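Novice: sequence below, structure please.
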Amino acid sequence: MNGFLVELPVELRIAIAQRTGNRPDGESEWIAEAVREKLSADSELEALERRAARGDREAFLRVLSKAPAAPPIPGDERPPSSDPSP
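Specialist: Now for the predicted structure:
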């Protein structure tokens with residue numbers, strides 16, 4: 001494994017030390033895993049953004065218009081929300 005110097009704020013260093021305890025290389029392993037998870041999450045987000053960019057709202061609305069208008073099945077109602085957006 002290659003060395004990589006990362007400067008962290010004190011509060012992050014303390015939190016990482018608390019999570020890893022006194023395990024040898026615990027902090028390095030924990031940080032490496034955190035970076036792997038972040039890279040994976042970024043890749044997933046990029047894939048979703050690419051897929052969303054291919055979306056066609058008009059095609060979606062055409063498909064949706066084929067569904068019959070019916071009240072929700074009991075238990076499937078949308079809960080009241082303070083957010084005015086759909």
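
Novice: how about low-confidence regions in this protein?
Specialist: Along the chain, the model assigns pLDDT under 70 to residues 82-86.

Novice: nearest residue to the middle of it?
Specialist: For the chain, the residue nearest the mean C-alpha position is residue 41 (6.1 Å; Cα atoms, centre = their mean).

Novice: host element of it?
Specialist: helix 26-53 (DSSP states H and E).

Novice: that helix - contacts with which helices or strands?
Specialist: helix 10-20 (3 or more Cβ pairs under 8 Å, 6 or more residues apart in numbering; DSSP states H and E). Heads up, the C-betas are built off the backbone N, CA and C, glycines and all.

Novice: so which residues make contact with the helix it packs on?
Specialist: The contact list for helix 10-20, computed with Cβ atoms under 8 Å, 6 or more residues apart in numbering, reads 8, 26-27, 29-31.

Novice: between helix 10-20 and the helix holding residue 41, find me the angle.
Specialist: Helix 26-53 and helix 10-20 are oriented at 110 degrees to each other (axes from the mean of the first three to the mean of the last three Cα atoms, to 10 degrees).
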